[in-house]
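Q: sequence and predicted structure below; questions after.
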Amino acid sequence: MSPSATENNSGDKFYQNLEELATLKPVSKSILLDREEYQLKWLKYLPAPARTRFEKAGIELSKGYPVIPDPKSIPRFINEAYEIRNEVFPYIERAIKADPHKRALLSAAKEVQHLTKHLGTEIIGLQLADLDDNQRDELALLVAERVVVFFRGQDLSPQKQLELGKYWGQIERHPQARYVPLPDQSYDDKLQGSGITVIWRKFLNDLNDRKQDFRKEIKNTVFHTDLVHEKQPAGITHLHNDTIPENGGDTIWSSGYAAYDKLSLAFQTFLDGKTAIYRSAHPYLDRDDPLKGPVYIEREHPIIRTHPATGWKSLFVNRAMTTKIVGLEPTESRIVLEYLFGIFEKNLDIQVRFRWQPSKEGFGTSAIWDNRISQHYAVGDYDQDNDDRHGTRVSSLAEVPYFDPSSISQRESLGI
Ligand SMILES: [Fe+2]
């Protein structure tokens, strides 16, 4: 090759790289921000009910809110992202040792309302902050059976929410998520954050330079399950909303137990024991080929998983993050997955829709659900750029997903 040809080639490559670089977005706008200035700006918009709750709990807000993680410690490359929680850690299933009748929990409540026959329960007249360990075990079992349990009118500090979450499993601390600051907490580089993440669409839209678009689908408005790319994906997630718009902003849950029971015996048998690939919501870059564009953390889990407490089988796929069934041809996998996603999405008889409703200032509503056996959908039918819907979320990671061939389905177990 002549020297001039080499020069031309590298010149072409240079401009090609430059063009590709120009199309790449930084991992987040936070790279370009003066974070403290931005946090202080958004603290001013903190809705009054949230502010009352935080002040009562002694949350230190002098550096603004919510805390945006230092972009220097957010993994940019996929190999670094894989290192997070790549080792198996111990998990204790609290629901296993609970009283099957849940007497301590249910007798302390003023009222227990099942919202549908097999999915969704509201407990009235009980404060989550006051539960003892027996009641926490029983609540974990109730969630395992009913998929999602609601508590309104809760006086719940973020610290107490975190404590509850820690009781149910290792807390997921997300390197990219905005969080509630806690006093005297030290964070290592890659797992920073308090573990109490902030759900506040108005803020997030601004951070991501995004506006609500009625015609466009956004990530949280498709049915999904949280954190399925983890080696030990999320078990219980607890979302506490302290600020709710006057109307709109409901959440829908769909049952994985019931989705499995919707399948014919022949199709259940076909899926039992099969695995699929599950990917992360957040993108990273390939260190060896950064211009390739976004790549995701991927892990393999069983499509049908057994819940360790109920022993029931659940269909564990979701449109947002299950990419292919291992062992099938790509077309077969696509068609089968599309059918399975549709079971969660189209069957209204396996769903429950919850209206949060505003609480007294400083009080909020909690939804506690099990990601191992459900999908959820946040309905974006409020003015997301102007109406406030603010909450704090804590996710407890559970076991390495497994399929027990001797386990049975919910309806089989209930004799239906
Ligand atoms: Fe979610």
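A: All right, it came through fine. Keep in mind that what you see is a predicted model, and the values were worked out from it rather than measured.
Q: burial measure for residue 41, as a count.
A: Other residues near residue 41 come to 12 when the count uses other Cβ atoms under 10 Å. Yep, even glycine has a C-beta here, placed from its N, CA and C like the rest.
Q: can you pull the phi and psi angles for it?
A: phi -60, psi -40 (degrees, to the nearest 10).
Q: and the closest residue to it other than its chain neighbours, what pLDDT?
A: Once flanking residues are discounted, residue 41 sits nearest to residue 64: 7.4 Å by Cβ to Cβ, 6 or more residues apart in numbering. pLDDT for residue 64: 93.
Q: what's the answer for residue 220, then?
A: pLDDT, residue 220: 56.
Q: contact partners for the residue nearest to residue 99 when sequence neighbours are not counted?
A: Closest residue in space to residue 99, ignoring its immediate chain neighbours: residue 138 at 6.0 Å, by Cβ to Cβ, 6+ apart. For residue 138, the contacting residues are 98, 99, 102, 103, 104, 105, 106, by Cβ atoms under 8 Å, 6 or more residues apart in numbering.
Q: could you redo the last one with a cut-off of 6 Å?
A: Counting by Cβ atoms under 6 Å, 6 or more residues apart in numbering, residue 138 touches 98, 102, 104, 105.
Q: next one: phi and psi at the last one?
A: If I follow you right, that is residue 105. The phi/psi pair for residue 105 (degrees, to the nearest 10) is phi -80, psi -50.
Q: Three-state assignment for the nearest residue in space to it that is not next to it in sequence, please.
A: Nearest non-adjacent residue to residue 105, counting by Cβ to Cβ, 6+ apart: residue 138, 4.0 Å away. Judged by DSSP: H, G, I helix; E, B strand; the rest coil, the three-state class of residue 138 is helix.
Q: check the gap between residue 138 and residue 182 for me.
A: 28 Å (Cβ to Cβ, to the nearest Å).
Q: same thing with residue 72?
A: Separation of residue 72 from residue 182 (Cβ to Cβ): 21 Å.
Q: one more: residue 310?
A: Distance from residue 310 to residue 182, by Cβ to Cβ: 33 Å.
Q: and the lengthiest strand in the chain, which strands flank it?
A: Counting residues, the longest strand in the chain under DSSP state E turns out to be strand 234-243. According to DSSP bridges, strand 234-243 forms sheet pairs with strand 364-370 (antiparallel), strand 390-397 (antiparallel).
Q: excluding its own residues, what touches the longest one? List them.
A: Strand 390-397 is contacted by residues 47, 50, 158, 161-162, 165, 168-170, 172, 180, 196-197, 199-200, 232, 234-241, 243 when judged by Cβ under 6 Å, 6+ apart.
Q: on that earlier part again, who's more crowded, residue 72 and residue 182?
A: Legend: neighbour count by other Cβ under 10 Å for residue 72 and residue 182, higher for residue 182 (19 against 8).
Q: which parts of stretch 68-75 are buried?
A: Across stretch 68-75, burial judged by 16 or more other Cβ atoms under 10 Å covers 68, 69, 71, 74, 75.
Q: check stretch 282-294 too.
A: For stretch 282-294, by 16+ other Cβ under 10 Å, it's 282, 284, 285, 290.
Q: neighbouring contacts of it?
A: So stretch 282-294 is in contact with 20, 76, 77, 78, 79, 81, 176, 295, going by Cβ under 6 Å, 6+ apart.
Q: let's go with 7 Å and repeat that
A: For stretch 282-294, the surrounding residues in contact (Cβ atoms under 7 Å, 6 or more residues apart in numbering) are 17, 20, 75, 76, 77, 78, 79, 81, 176, 295, 296.
Q: including distance to residue 124, could the buried residues of stretch 68-75 go into CSV?
A: Output for those, formatted as CSV (distance: Cβ to Cβ, whole Å):
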residue, distance to residue 124
68, 37
69, 37
71, 44
74, 41
75, 43
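Q: closest one of these to residue 328?
A: Lowest distance from residue 328 to the buried residues of stretch 68-75 (Cβ to Cβ) belongs to residue 75, with 31.3 Å.
Q: in three-state terms, label that closest one for me.
A: Reduced to three states by three-state DSSP, residue 75 is coil.
Q: can I assume residue 343 sits in a strand?
A: No: under three-state DSSP, residue 343 sits outside any strand and is assigned helix.
Q: who are the contact partners of the closest residue to it other than its chain neighbours?
A: Distances taken as Cβ to Cβ, 6+ apart place residue 259 nearest to residue 343, at 4.7 Å, with adjacent residues excluded. When contacts are counted by Cβ under 7 Å, 6+ apart, residue 259 touches 315, 343, 344, 350.
Q: and the residue lying closest to the last one once chain neighbours are set aside, how far is that from residue 355?
A: Closest residue to residue 350 apart from its sequence neighbours, by Cβ to Cβ, 6+ apart: residue 258 at 3.7 Å. When Cβ to Cβ is applied, the distance between residue 258 and residue 355 equals 21 Å.
Q: between the two, point out the one with more neighbours.
A: Neighbour count, other Cβ under 10 Å: between residue 258 and residue 355, residue 258 has more, with 26 against 13.
Q: would you map the strands across the stretch 51-200 of the chain?
A: For the stretch 51-200 of the chain, the strands defined by DSSP state E, counting those that start in this stretch cover 111-114, 121-124, 148-154, 170-171, 197-200.
Q: min pLDDT across the contacts of stretch 282-294, which one?
A: Lowest pLDDT among these: residue 20, with 64.
Q: so what's the closest residue in space to residue 371 that isn't next to it in sequence up against?
A: Nearest-residue entry for residue 371: residue 234, 4.3 Å, with adjacent residues in sequence omitted and distances by Cβ to Cβ, 6+ apart. Residues near residue 234 by Cβ under 7 Å, 6+ apart: 172, 226, 227, 371, 395, 396, 397, 398.
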